[in-house]
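[1] Output the structure for:
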Amino acid sequence: MNVQLIREDFPILKDVIYLDSAATSLTPEPVLKATLDYYYQYRANVGRGVYRLAQLADQRYRDAHKKVAELIGAGNGATVFTKNTTESINAVAHGLGWARGDKIVTTLLEHHSNLLPWMRLKREGIELSVIKPDEEGYLDPSDFEREVDERTKLVAVSHLSNVLGTLAPIKEISSICKDRNAALLVDGAQSVPHMPVDVKDLGCDFLCFSGHKMLGPTGTGVLFVKDEESLEPLIVGGGMVEDVSLNASGMKDSCDTKRSCKMRNGYVRKKGYEGFEAGTPDISGGIGLGAAADYLKRVGTIEVAMHEKKLASKLLKGLQEIQGLEIYGPKDMKGRGGVVSFNVLGLLPHEVALMLDQVSNISVRSGHHCCIPLMKHLGLKNGNVRASLYLYNTEGEIEKLLATLEEISKVA
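    Model (predicted):
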């Protein structure tokens, strides 16, 4: 993997050391070009017109879905474009079909986007069970063995913590879910961009992630649905139906049995992603997301993961050598990714982030990282500082971060 060649696709890196890819990644030139080409060369709506421009737009948009599906190993099921991970998770929360007494199991590691939708369901009589990690941020499968029971309809867990960088034991959790007949939702916002992810290997029913964290445009996200019949669309409207009947009697009416579909509420939903994408989508964004998937496949997700592991290992080792720093999460690379959180004792997280920016043009995240319950559990009223790595970061940048932090710690 040629990092210097990759960096040429990110002109912004000439002026900044960007270490906040867990919040949003930078976007390379090929993705920007693919996004703009839509407006310059074939600006038309998708799934509607028969003229040349419309057909070209439709094909490029359809191809983008295939590219993203291939990236996550989704040979079957629906790979739906949304606007972000948050919308994808909310689509499951609203469309799964709940009954009073159902149970959801999640964890204290979750981003608010994979916590608040389940908390809101409590007002519908849904029970919510929250599993706590150990001191380093690891989840114990035995806790899921105890909590996931016959009433559990869904288990929702992040693949990789956006605060502590720990990986969840998804395969073990998936096995437990299968034994208890519970569905599994994986928040892959921090994993899909940074490592090989295969939905068949994970054994999940839903996988949610964001385009803007994987080199794509903002306002793009993905919801993989293993069994599209298990989920009702979040919104309904134009472009997502095959047939509509004002005279339909309701849930019982069937359409052509060869298509194995039913007329529900007076309409027949299209098969595949189209049945979940009502209205005109962000076409250029979707095409750009497909280009981002191409970019990651060309570089190689295994290579990306190895590169980040090398940088994160160097960062963790260096942080432990600086006096007056406290690291949160694992101190080595066992079962973790390229997200590293810490504090400089005596300084607020925002103060540290501002110093890094002002002194060395280093961009890091500070605060609660949309994980307030976890921060309360860790006893961090003001949160912490987070450095998150990606394929365009270098060892020299890590050395610069460490050197600056060492100077900051001396004045704390």
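
[2] Break down the stretch 251-400 of the chain into its helices, ranges please.
    283-299, 301-320, 349-360, 372-378, 395-411 (DSSP state H, counting those that start in this stretch).

[3] list the buried ones in the shortest one?
    For helix 372-378, the buried set under the neighbour-count rule, 16 or more other CB atoms under 10 Å, comprises 373-375, 378. C-beta coordinates here come from the backbone N, C-alpha and C atoms, glycine included.

[4] And the first one, by the same measure?
    For helix 283-299, the neighbour count (16+ other CB under 10 Å) marks 283-296, 299 as buried.

[5] go on, the second one?
    For helix 301-320, the buried set under the neighbour-count rule, 16+ other CB under 10 Å, comprises 301, 304-305, 307-309, 311-312, 315-316, 318-319.

[6] quick one: which of the buried residues of helix 372-378 is nearest to residue 166?
    Distance to residue 166, by CB to CB, is smallest for residue 374 among those, at 11.2 Å.

[7] need the contact list for that closest one.
    For residue 374, the contact set (CB atoms under 8 Å, 6 or more residues apart in numbering) comprises 108-110, 163.

[8] Adding distance to residue 337 and neighbour count, write those out as TSV.
    Formatted as TSV, the contacts of residue 374 follow (distance: CB to CB, whole Å; neighbours: other CB atoms under 10 Å):
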residue	distance to residue 337	neighbour count
108	18	18
109	13	28
110	16	25
163	12	28
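
[9] How much space separates residue 198 from residue 215?
    19 Å (CB to CB, to the nearest Å).

[10] Identify the residue nearest the geometric centre of the protein.
    The residue lying closest to the centre of the chain (CA atoms, centre = their mean) is residue 189, at 1.6 Å.

[11] Which residue lies closest in space to that residue, excluding its sequence neighbours?
    Excluding its sequence neighbours, the residue lying closest to residue 189 (CB to CB, 6 or more residues apart in numbering) is residue 85, at 4.4 Å.

[12] Would you confirm that that neighbour contacts residue 210?
    Yes - counting by CB atoms under 8 Å, residue 85 touches residue 210, with 4.5 Å between them.

[13] who touches both of those two?
    With CB under 8 Å, 6+ apart, residue 85 and residue 210 have common neighbours 189, 221.

[14] Beyond the helix or strand hosting residue 38, next helix or strand please.
    Per DSSP states H and E: residue 38 is located in helix 29-41. Moving toward the C-terminus from helix 29-41, the next helix or strand (DSSP H and E) is helix 52-71.

[15] which secondary structure elements does that following helix contact?
    helix 29-41, strand 78-82, helix 283-299 (3 or more CB pairs under 8 Å, 6 or more residues apart in numbering; DSSP states H and E).

[16] name the helices or strands packed onto the first one?
    If I follow you right, that is helix 29-41. helix 52-71, helix 283-299.

[17] residues of the longest one that come out buried?
    In other words, helix 52-71. Neighbour-count burial for helix 52-71 [16+ other CB under 10 Å]: 54, 56-58, 60-62, 64-65, 67-69, 71.

[18] orientation of that helix relative to strand 78-82 in degrees?
    110 degrees (axes from the mean of the first three to the mean of the last three CA atoms, to 10 degrees).

[19] Contacts for helix 52-71 next, please.
    By CB under 8 Å, 6+ apart, helix 52-71 touches 38, 41-49, 75, 79, 81, 192, 197, 222, 224, 273, 281, 283, 286-287, 289-291, 293-294, 296-297, 301.

[20] Name the SS class of the residue located most distally from the centre of the chain, please.
    Distance from the centre of the chain peaks at residue 247, with 41.2 Å (CA atoms, centre = their mean). Per DSSP: H, G, I helix; E, B strand; the rest coil, the local secondary structure of residue 247 is coil.

[21] just residue 215 next, same as before
    Quick answer, by three-state DSSP: residue 215 is coil.

[22] Pull up the gap between the residue nearest to it when sequence neighbours are not counted and residue 19, please.
    Nearest in space to residue 215, with sequence neighbours left out and distances taken as CB to CB, 6+ apart, is residue 292 at 4.1 Å. Residue 292 sits at a distance of 20 Å from residue 19 (criterion: CB to CB).

[23] Quick one: low-confidence residue ranges for this structure.
    248-262 (pLDDT under 70).

[24] rerun at 90
    1, 47-49, 75, 242, 246-266, 334, 411-412 (pLDDT under 90).

[25] Domain parsing of it, as residue ranges.
    The chain is divided into the following domains under automatic domain parsing: 3-19+300-411, 30-296.

[26] Check the offset of the first one from the chain's centre.
    Okay, so that is domain 3-19+300-411. 20 Å (CA atoms, centre = their mean, to the nearest Å).

[27] Distance across it, terminal residue to terminal residue?
    34 Å (CA to CA, to the nearest Å).

[28] Same question for the longest one.
    Between the opening and closing residues of domain 30-296 lies a distance of 11 Å (CA to CA).

[29] roughly how far out does that domain sit from the chain middle?
    In terms of CA atoms, centre = their mean, the centre of domain 30-296 is set 10 Å apart from its chain centre.

[30] thinking again about what came up before, distance to residue 265 and secondary structure for the contacts of residue 374 - can I get that in JSON lines?
    Putting those into JSON lines (distance: CB to CB, whole Å; DSSP: H, G, I helix; E, B strand; the rest coil) gives the following:
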{"residue": "108", "distance to residue 265": "38", "secondary structure": "coil"}
{"residue": "109", "distance to residue 265": "38", "secondary structure": "coil"}
{"residue": "110", "distance to residue 265": "32", "secondary structure": "coil"}
{"residue": "163", "distance to residue 265": "41", "secondary structure": "coil"}
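
[31] Now distance to residue 234 too, for the residues you listed, in a markdown table please.
    Output for these, formatted as a markdown table (distance: CB to CB, whole Å):
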| residue | distance to residue 234 |
| --- | --- |
| 108 | 26 |
| 109 | 25 |
| 110 | 20 |
| 163 | 27 |
